[in-house]
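> dropping a prediction and its sequence here:
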Amino acid sequence: MALFSHPEFDQHETVSYFHDAETGLHAIIAVHNTHLGKGLGGCRMWPYASEADALTDVLRLSRGMTYKAALAGLPQGGGKSVIIGDPRQDKTPALMRAMGRAVERMNGAYVVAEDSGTSVADIRIMAEETRHVGGLADAKSVAAGRTGDPSPATARGTFIGLQAAVRHQLGRDELKGLKVAIQGVGNVGYRLAKHLHEAGAQLWVTDLYAPAVERCVGELGATAVAMDEIHALDVDVFAPCALGAILNDVTIPQIKARVVAGAANNQLAVPVVHGAALSERGILYAPDYCINAGGIIDIYYEGPAYHAPIVEAHLQRIGETLTQIFERAARESRPTHEIADRMAEEIFRKA
């Protein structure tokens, strides 16, 4: 399988394949850039249709982590890992330990954390085999009620970013009555829905996992929608919080929302094409790796000295950074994703 000519290869420093015969582990770890620090990024477990799909995903995700850390003002690089398999059927403690050994072989260039298909509990098992883990609360933090799960901070940061986008595009500070369609209501999407519900927004939700949708309907008064309809609803905001590439040739012409602001990674199927397409339609896009940076911000501060007000202040900067992106994009008549890329590159390429 070609790597250097792969369309998603972006001067990645390291791409490593790992296999463990005893557990059946098939994993890829990609480190994109370590100019600002070690390549931190989550471990995603997903039943990819092919090895090629897994490679594409890990290349895109690791690159996004470099840009995410830079815009978040963190001394970290970008990395990511993927395990090929169904997390509901194939995950075992032995498999997680094998993944921990794979991370350890990277000699510290990559720091693993939880992601879609993995949990803090899984990372704790990996930590039995490697020192290079992130997002694990220490004993004192656990006693204080923290778990190390970055999902709450990711959701909080996304909510702050969504507020900034609504303020810029719709000219409103209050979210009461705002119509929001959320695609994916897992750990992050559900928490984002709670923030929006508490702010008085009206919600439409969808997810592949029916109980997740039922929880939002029962607890938050949300309306359930089919997966293939959520993006086309007549709402104010479309919030993608599932897997990537939802903004593509098929969906963009159908989007009625004036704002796209969600927590999913790699929302633009082909950034240069679909970022421009959103801009041409007058839809404000909140670059995903900027708006969903709350998780890595939270992980950065994890430890005995964790102080919630400091983390909250850093999360608020997500809205400030997005506002800078929106204003610069308007001044220069360029898509927001291009502006975000340039701002991030100005940071990590100088490091």
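On my side now, so go ahead. Residues are numbered from 1 along each chain as shown.
> other residues contacting stretch 8-27?
Taking CB atoms under 8 Å, 6 or more residues apart in numbering as the criterion, the residues outside stretch 8-27 that touch it are 3, 28-34, 39, 51, 55-56, 58-60, 62-63, 81-85, 90, 92, 94-95, 97-99, 101-102, 105-106, 109-110. (C-beta placed from N, C-alpha, C; glycine too.)
> can I get the buried part of those residues as one PyMOL selection?
If you want just the buried ones from the contacts of stretch 8-27 in PyMOL, going by 16 or more other CB atoms under 10 Å, the selection is:
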select buried, resi 28+29+30+31+32+33+34+39+55+56+58+59+60+62+63+81+82+83+84+85+90+95+97+98+99+101+102+106+109+110
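> which ones among the contacts of stretch 8-27 map onto helices?
Among those, the ones falling in helices (DSSP state H) are 51, 55-56, 58-60, 62-63, 94-95, 97-99, 101-102.
> and the longest helix seen in the chain, average pLDDT?
Of all the segments of type helix in the chain, defined by DSSP H, the longest one is helix 308-332. Averaged across helix 308-332, the pLDDT comes to 97.
> which residue is nearest the centroid of this structure?
For the chain, the residue whose C-alpha lies nearest the mean C-alpha position (CA atoms, centre = their mean) is Asn265; its distance is 4.3 Å.
> any idea which element His19 lies in?
Assignment of secondary structure by DSSP states H and E places His19 within strand 14-20.
> right, and the helix or strand after the helix or strand bottoming out on mean pLDDT in the chain?
Counting by mean pLDDT, DSSP states H and E, the chain has its least confident helix or strand at helix 139-143, which shows a mean of 53. Along the chain past helix 139-143, the next helix or strand (assigned with DSSP H and E) turns out to be helix 151-170.
> what is the end-to-end distance of stretch 297-306?
Taking CA to CA, to the nearest Å, the span from the opening residue of stretch 297-306 to its closing residue is 11 Å.
> before we move on, back to that, I'd guess the residue nearest to the centre of the chain is in a strand, am I close?
No - counting by DSSP: H, G, I helix; E, B strand; the rest coil, Asn265 is not part of a strand but coil.
> residues touching it, list them.
Asn265 is in contact with Arg60, Leu61, Gly64, Leu243, Gly244, Asp288, Tyr289, Asn292, counting by CB under 8 Å, 6+ apart.
> wait, isn't the first one in contact with Leu268?
No - using CB atoms under 8 Å, Arg60 is not in contact with Leu268; the gap is 9.9 Å.
> so this structure: which segments form each domain?
Domain assignment of the chain by automatic domain parsing yields the ranges 14-65+76-136, 151-348.
> in TSV: those, plus distance to Pro7.
Formatted as TSV, the domains of the chain follow (distance: least, CB to CB, whole Å):
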stretch	distance to Pro7
domain 14-65+76-136	8
domain 151-348	9
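> shaky segments in this structure?
The model of the chain has pLDDT under 70 over residues 137-148.
> ranges for the strands of it?
Secondary structure of the chain (DSSP state E): strands located at 14-20, 25-33, 39-46, 77-84, 110-114, 179-183, 202-206, 223-224, 237-240, 259-260, 284-285.
> contacts for the last one?
Contacts made with strand 284-285 from outside it, assessed by CB under 8 Å, 6+ apart, are listed as 165, 168-169, 247, 258-261, 267-268, 275, 278-279, 326, 335-337.
> run me through the strand neighbours of that strand, direction for each.
When pairing is defined by DSSP bridges, strand 284-285 lines up against strand 259-260 (parallel).
> sorry, back to before: which two of the contacts of Asn265 have the greatest separation?
Farthest pair in the contacts of Asn265 (CB to CB) is Leu243 and Tyr289. Separation: 14.8 Å.
> out of the two, which sits in the busier spot?
Here Leu243 and Tyr289 are set side by side on neighbour count (other CB atoms under 10 Å), and the busier one is Tyr289, at 26 against 17.
> I'd assumed Leu233 was in contact with Ile255.
No - between Ile255 and Leu233 no contact is recorded; they are 9.0 Å apart, counting by CB under 8 Å.
> more neighbours: those two, which one.
Set side by side, Ile255 and Leu233 give different neighbour counts by other CB under 10 Å, the larger being at Ile255 (21 against 18).
> what sits against that one?
Contacts were defined as CB under 8 Å, 6+ apart; by that measure Ile255 touches His231, Ala232, Phe238, Leu278, Arg281, Ile283.
> skipping adjacent residues, who's closest to Arg131 in space?
With CB to CB, 6 or more residues apart in numbering as the measure, Glu104 is the residue that lies nearest to Arg131, at 7.4 Å, once sequence neighbours are left out.
> make that Met65, sorry
Of all residues not flanking Met65 in the chain, Gly78 sits nearest, at 3.4 Å (CB to CB, 6+ apart).
> is it true that that neighbour touches Arg60?
No - between Gly78 and Arg60 there is no contact under CB under 8 Å: 10.8 Å.
> what about Pro7, neighbour count?
By the other CB under 10 Å criterion, the neighbourhood of Pro7 contains 10 residues.
> all good on my end, thank you.
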